[in-house]
Each structure stands twice: as structure tokens, then as C-alpha cells.
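[1] I'd like to go over a predicted model; first the sequence, then the structure.
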Amino acid sequence: MKFTPVFAAALVALAGSALAEEKVLNLYSARHYQTDEALYANFTKQTGIRINRIEGKEDELLERIRNEGANSPADVFVTVDAARLAKAHELGLFAPVASKVLESRLPAHLRTDDWFSFSTRARVIVYNKAAVKAEDVQNYDDLANPRLKGKVCSRSGSHPYNLSLLASIIAHQGEAKAEEWARGVVANFARAPKGGDTDQIKSVAAGECQVAVSNTYYVARLLRSDKPEEKKLMEKVGVVWPNQGTTGTHINVSGAGMLKTAPNKAAAQKFLEYLASDDAQRYFADGNNEWPAVASVKVANPALDALGKFKADQLPVKNLAMYQAKAQIIYDRAGYK
Ligand code: FE
């Protein structure tokens, strides 16, 4: 049979409508863990919505969304740290999402009107067991105590993790105390800030410095490592849950929000709600050795279990976001580079 022009045109029209009906979600993600494949495949299986994933570094993705402006194909932005989520909010990139599912599944302190936390990580104190007594490093305040002069190492004060930690101190103790603390920590530095959290842990183990702070998943990653040198390193390092007698250990989050310019808003909301489901919570948290945001969901993660239970700071993530700019000003004034 020969295709008549009319028939060919009908075929083209058919293909066009099939394309238009295919449901997609454009996900801009700063997460890239092995378990993410299962996380996304499961969503497509449940909803028939295909996920187009654009992966990149946190700050680069944010920049990309800004540059794409009104034409951005991005529906959902997934990233780590309240500071970055807050920045997307400040820039007016997120759309408010009213969802009974998100409201009932996520604790109030872990959500805002337009971005939501799906896992948590804690910022702990690590110390060299041979050089420092555990009782001397039980609180973040101890890092500023002259007793630790020349013993503290740190990553940059401009890094979101440290900005959020200082934001929590501002929220709890006020700006003046927070600045006093930052100055005290700077006075205790063993060296100028450099490297990431893992570098601080390694410096502590090597005795280059004796005390530092780190996110729990870096500690967990080293504890889970099968490299003999990393196992050996962790034998030298003690881990403390700070502020157990007061405000609780500072926690930060991984989270996501729907973009204001999202072409597929219904799919985006479905995806955010899916991230709060039991299965998704397990994948999301365990992929980076974090804790699920939904309280009833438990993960069996030996490295996290080895760290034990702790009291987490219940400060709303909104408040962490609120003091980001102040935190940077204080670090700058204190010379916390
Ligand atoms: Fe990190």
C-alpha cells in the first residue's frame, strides 16, 4: 500500500498528539547517588510520568535555572542544604505548594511554603581521641573556648554548611553571642580554613589539628569504608553529638521545591509528594547516609546506627534560611575566611 499524502499527514498528527500526551517531569538535581535510579524508576512505575534528569553541582544548577528564566524547562529543583534552598526562595524561583500529603507527612519544622526537606544530616564534632578529652568538646560553644587554642580546623566560613550552623547559633543566642563565638573559633584555628568536611576529619586523625565539625554522612562514609587506611584513620577519631544538654545537635537538610516557571506543575507536585512516601524516603535518605524526614520511616544503616541516637535541634529550617546573610556578615567581621 502506498501512503497517500492525506494518510501521511494523519500519521504525523497522531505522533504529535501522542508526544503531547506523554507525561514528563524535568528534574534539576544536585544529587547523584546509586539509589537514585531506583528512586526515579519507582516514580515512573507508579505514575507513568517519565523523568528527565539534569544533574549538576548545587550552585551551578541554581545559576542555570536563573539564566533560563521564564523559559526554563525545570519543574523541580532538588539540592542539599537549607542555605541553597533558601537562596532559591530568595530569588523568587519557587512556587508555593499547598499539599495535604506534604503537610501531614513532613514535620512542620522541616518545611516552608515553597520548599520541603526530605532528609536530614547532623553537624557533629569530631576530635582526636589521643589529644582531646570528650568532655571538653560536648558543645559548639566549646570550639570557641581558649582551652582549644591552636587545635581547631575548619572548612571555609562561607560554605553553606558553616553558614547554616552559625545561622542556628544566631537564632538561639542572638547576633552578639554568635559573633563572639565566631571570633573565639577563629582564635583557636590550627590553620587557615581549607578543604571539605572529609579533609577536616582526616586532619584530626593525622593530628594536624585536634577538633573539627563535620556532617554525619561524611563520618558515616568513612566508617562504612572498606579501605584499610580509612578504617585505621577512624579508630583515632571520636564523634560527639553537640548540645545534647541544651538546644540539640544542629541539623541540616536535603530538599526540593517546585519552580514558579514549571511547565509540568501537576507532575511536579506529584513528585514532591512521592518523595515523602515510605519507599522514596528510604532511598532518598540511605543513598547519602542521611535520616528520613518522615518520622515513621526507619532506615537500617549500620554506620548511622553506630553513631547512636541523639537529640536534634528542632529549629525550623525557615529560621536557618532567615539568618544566612547575617551569618556571612558575622563570619567576615570575625575573619572566619
Ligand atoms: Fe556535603
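    Thanks, I have it.
[2] if the residue lying closest to residue 44 once chain neighbours are set aside is in a bridge, with which residues?
    Setting aside the residues directly before and after it, residue 44 is nearest to residue 50 in space (C-beta to C-beta, 6 or more residues apart in numbering), at 5.8 Å. Quick note: C-beta positions are derived from backbone N, CA and C, even for glycine. When bridges are called by DSSP bridges, residue 50 pairs up with residue 24.
[3] same question for residue 237.
    Here residue 237, judged by DSSP bridges, has bridge partners residue 128.
[4] ok, it - how many residues close by?
    Residue 237 sits with 19 neighbouring residues when counted by other C-beta atoms under 10 Å.
[5] tell me who's in contact with it.
    Listed by C-beta atoms under 8 Å, 6 or more residues apart in numbering, the contact set of residue 237 reads 126, 127, 128, 129, 201, 204, 205.
[6] I'd say the residue nearest to residue 44 and residue 23 touch.
    Yes: with contact defined as C-beta atoms under 8 Å, residue 50 counts as touching residue 23 (6.8 Å).
[7] any idea how far residue 292 lies from residue 300?
    12 Å (C-beta to C-beta, to the nearest Å).
[8] quick check: the closest residue in space to residue 47 that isn't next to it in sequence vs residue 61, distance?
    Distances taken as C-beta to C-beta, 6+ apart put residue 270 closest to residue 47, at 5.8 Å, once the chain neighbours are dropped. With distances taken as C-beta to C-beta, residue 270 is found 21 Å from residue 61.
[9] could you do residue 80 as well?
    11 Å.
[10] likewise residue 128?
    Taking C-beta to C-beta, one finds residue 128 at 37 Å from residue 61.
[11] before we move on, the earlier item: mean confidence for the helix or strand hosting the residue nearest to residue 47?
    For residue 270, the element it lies in under DSSP states H and E is helix 265-275. Averaged across helix 265-275, the pLDDT comes to 98.
[12] what about whichever helix or strand comes after it, average pLDDT?
    Next along the chain after helix 265-275, taking DSSP H and E as the criterion, comes helix 278-286. If you average the pLDDT over helix 278-286, you get 92.
[13] tell me what the helix or strand where residue 257 lies is packed against?
    With elements taken from DSSP H and E, the one containing residue 257 is strand 251-258. Here strand 251-258 touches strand 76-80, helix 82-90, strand 116-128, helix 265-275, helix 317-322, going by 3 or more C-beta pairs under 8 Å, 6 or more residues apart in numbering; DSSP states H and E.
[14] partners of it in the sheet?
    strand 76-80 (antiparallel), strand 116-128 (antiparallel).
[15] just the angle between the helix or strand following the last one and strand 76-80, please?
    By that I understand strand 116-128. The helix or strand immediately downstream of strand 116-128 is helix 160-173, counting by DSSP H and E. Put simply, helix 160-173 runs at 80 degrees to strand 76-80, going by axes from the mean of the first three to the mean of the last three C-alpha atoms, to 10 degrees.
[16] any chance you could list what contacts helix 160-173?
    Against helix 160-173 from outside (C-beta under 8 Å, 6+ apart): 81-84, 123, 140, 154-157, 177-178, 181-182, 197, 213, 215, 247, 250, 252, 313, 315, 319-324, 326-328, 330-331, 336.
[17] can I have the buried ones of these as a PyMOL selection?
    With 16 or more other C-beta atoms under 10 Å as the burial test, the buried ones among those are selected in PyMOL as follows:
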select buried, resi 81+82+83+84+123+140+154+155+156+157+178+181+182+197+213+215+247+250+252+313+315+320+321+323+324+326+327+328+330+331+336
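[18] residue ranges with poor pLDDT in this structure?
    1-21 (pLDDT under 70).
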